[in-house]
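*Asks:* Got a predicted structure here, sequence first:
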2 protein chains.
Amino acid sequence: MHSHAAVALFVRRILLRSVVSPGEVQALSGLEGRRVQASRGQDLVLPGHGVHHATLLVSGLLARFDQMADGRRQITALHIPGDMADLHSVPMPLPAWGIQALVPSVVLQIPHGDLRGLAERKPAIAMAFWRDTVADASILAKWTANLGRADAVTRTAHLICEMGMRMEAHELDQRHDFALPITQAQLADALGLTTVHVNRTVSTLRQECGVLFEQGRVRVGDWTGLVRRGNFDDGYLMLDVKA
Amino acid sequence: MHSHAAVALFVRRILLRSVVSPGEVQALSGLEGRRVQASRGQDLVLPGHGVHHATLLVSGLLARFDQMADGRRQITALHIPGDMADLHSVPMPLPAWGIQALVPSVVLQIPHGDLRGLAERKPAIAMAFWRDTVADASILAKWTANLGRADAVTRTAHLICEMGMRMEAHELDQRHDFALPITQAQLADALGLTTVHVNRTVSTLRQECGVLFEQGRVRVGDWTGLVRRGNFDDGYLMLDVKA
DNA sequence: CGGCACATTGAAGGTGGTCAAATGGGGTGG
DNA sequence: CCACCCCATTTGACCACCTTCAATGTGCCG
């Protein structure tokens, strides 16, 4: 995918939740950045290190993560193409989290200055950016709730539903058949489980809801069953708000 | 505490992380809202219900929470006086979360329109609000990481350190002796544990680090030990960024 | 063909959950 | 002023989900 196509994806993502004038859309579409290739497992942003650009994912899969003292990681967000993985860093350039490529990925590093300038000149864009980080926080809150109160199978089912819905909402794929090139170890870091238990959990969902992880894609045989199993309600994704 | 004093606290909280001109400080200080008294356990905002005001805590203790299908709750944030518990709702007036008073509390309900208007007229204030919600999200990410990867005692120690540091940073109390009128059942909802296990965990911390919960206050005998026990590093609280 | 990373399976153990009951404290009403 | 009740805390016994440790299977790529 070309860089400007990624910017277009990002703009579409913004338009999903915010009303922005044509002129402002154009200003957004004109954003440019440095194209960077990341290898599998590479850290693009290290926890506690300052950054001067935001990371727009062009292709691949990114994870925002927090690191424990002993090096173990907890993934706190997954990002698909078109996502600005750390729009947060615009108002807060010294993040506590890091960003990692889960597969070989291409990103566009967009200077904070450009984004901040845009936000300062156009209040509607400032509000749209703010809204985007709030939607991100809403997802994070749901992850927190699931980690605290849902068991392994429920959590896993919920995550699969979430990623399917997001892929579909961003018009990248269909909810029951979408790209998610993630290993079980990486899933474990996202779900707060061990690799071994993720394996058993995935196997349960394969039997119960026809969930298949194959060749970097997820296919869901029984979507309704999976939604029920994961107690999934997409309200928190903020997909139908328009403000 | 008087309402205008609460607004002053809020302004000070904003100034903790953002540089704002005197004129803008004055505009912020002029914010007004409806004063509302909440009883213990009362829900001020219900999950999935629209709101038209933001909730500034004057006195007491608030929790943002997510609710499971069976009614069990997971607290995703604790708010102390001076906190705007749902500044998020300004750009996103249909939140998936709810807000609950953990003790009898007084809040100021500030109309979204006033806050949005302020943000639209003053880009620096828009940025300051955005920054505030990002700091909130940073705390949320840390909770996620701890729920996913830290055991009960570590999580509890971490939460106590966090609340102590926040109380001190907001100049409400000292880190080793501060107001936190929370029951063990409420702590359980915040820590993703059961009441019974919170009791055992708190008892462990009482022995190991001299942590006492008494009359709505927390006193910490061995702060350094507690920090070590909770793997606490305050970077994620974003207390020393100024932008 | 060999190496490596990932997936899968088995067995045993531990952290935290569940169920149940006792203790303690603060407020209210008799 | 005491009795009572409600709620929170505390403790014990048992159980289960998930972890840990270890080994085997499998697909991809050099």
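*Replies:* Structure's in. What do you need? Numbers count the residues shown, from 1 in each chain, chains lettered A, B, ... in the order given.

*Asks:* At the contact with DNA strand C, which residues of chain A appear?
*Replies:* Proximity of chain A to DNA strand C is confined to A:183, A:184, A:185, A:195, A:196, A:199, A:200, A:202, A:203, A:213 under the rule C-beta under 7 Å from any atom of the strand. For every residue, glycine as well, the C-beta is placed using N, CA and C.

*Asks:* Can you report phi and psi for the fifth one?
*Replies:* Residue A:196 adopts backbone torsions of phi -60, psi -50, taken as degrees, to the nearest 10.

*Asks:* Distance of the closest residue to residue A:191 other than its chain neighbours relative to DNA strand D?
*Replies:* Computed as C-beta to C-beta, 6 or more residues apart in numbering or on different chains, the closest residue to residue A:191 that is not its neighbour in sequence is residue A:155, at 5.3 Å. The gap separating residue A:155 from DNA strand D is 7 Å, by C-beta to the nearest atom of the strand, to the nearest Å.

*Asks:* burial count for residue A:155?
*Replies:* By other C-beta atoms under 10 Å in any protein chain shown, 22 other residues sit near residue A:155.

*Asks:* residues contacting it?
*Replies:* Residues in contact with residue A:155 (C-beta atoms under 8 Å, 6 or more residues apart in numbering or on different chains) are A:146, A:147, A:191, A:192, A:193, A:230.

*Asks:* Among the residues of chain A next to DNA strand C, name the buried ones.
*Replies:* Among the residues of chain A next to DNA strand C, those buried by neighbour count (16 or more other C-beta atoms under 10 Å in any protein chain shown) are A:184, A:202, A:213.

*Asks:* May I ask which helix or strand encompasses the last one?
*Replies:* Right, residue A:213. Element membership for residue A:213, per DSSP states H and E: strand A:211-214.

*Asks:* helices or strands next to that strand in the packing?
*Replies:* Strand A:211-214 is packed against helix A:195-209, strand A:217-220, with contacts defined by 3 or more C-beta pairs under 8 Å, 6 or more residues apart in numbering or on different chains; DSSP states H and E.

*Asks:* wait, which of these is closest to DNA strand D?
*Replies:* Nearest to DNA strand D among the helices and strands packed on strand A:211-214 is helix A:195-209 (3.0 Å), distances taken as C-beta to the nearest atom of the strand.

*Asks:* do that closest one and DNA strand D meet?
*Replies:* Yes: on the criterion C-beta under 7 Å from any atom of the strand, helix A:195-209 is in touch with DNA strand D at A:196, A:197, A:200, A:201.

*Asks:* okay, those residues in JSON lines with pLDDT and distance to residue B:79 next?
*Replies:* Formatted as JSON lines, the residues of helix A:195-209 next to DNA strand D follow (pLDDT from 0 to 100; distance: C-beta to C-beta, whole Å):
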{"residue": "A:196", "pLDDT": "97", "distance to residue B:79": "38"}
{"residue": "A:197", "pLDDT": "98", "distance to residue B:79": "34"}
{"residue": "A:200", "pLDDT": "97", "distance to residue B:79": "38"}
{"residue": "A:201", "pLDDT": "98", "distance to residue B:79": "34"}
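
*Asks:* Switch those residues over to JSON lines; also include distance to residue B:42.
*Replies:* Shown next, in JSON lines, are those (distance: C-beta to C-beta, whole Å):
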{"residue": "A:196", "distance to residue B:42": "44"}
{"residue": "A:197", "distance to residue B:42": "39"}
{"residue": "A:200", "distance to residue B:42": "42"}
{"residue": "A:201", "distance to residue B:42": "38"}
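
*Asks:* picking that back up, with respect to residue A:118, which of the helices and strands packed on strand A:211-214 lies nearest?
*Replies:* strand A:217-220 (35.0 Å; C-beta to C-beta).

*Asks:* Mind listing the strands the closest one pairs with, and their directions?
*Replies:* If you go by DSSP bridges, strand A:217-220 pairs up with strand A:177-179 (antiparallel), strand A:211-214 (antiparallel).

*Asks:* Can you tell me which of those is most buried?
*Replies:* For the strands paired with strand A:217-220, the largest average neighbour count (mean count of other C-beta atoms under 10 Å in any protein chain shown) is found in strand A:177-179, namely a mean of 18.

*Asks:* Need the contact partners of that one.
*Replies:* With C-beta under 8 Å, 6+ apart as the test, strand A:177-179 has contacts from A:163, A:164, A:167, A:168, A:172, A:173, A:216, A:217, A:218, A:219, A:220.

*Asks:* how about whichever helix or strand comes after that strand: buried residues?
*Replies:* Helices and strands here follow DSSP H and E; after strand A:177-179, the next one along the chain is helix A:184-191. For helix A:184-191, the neighbour count (16+ other C-beta under 10 Å) marks A:184, A:186, A:187, A:188, A:189, A:190, A:191 as buried.
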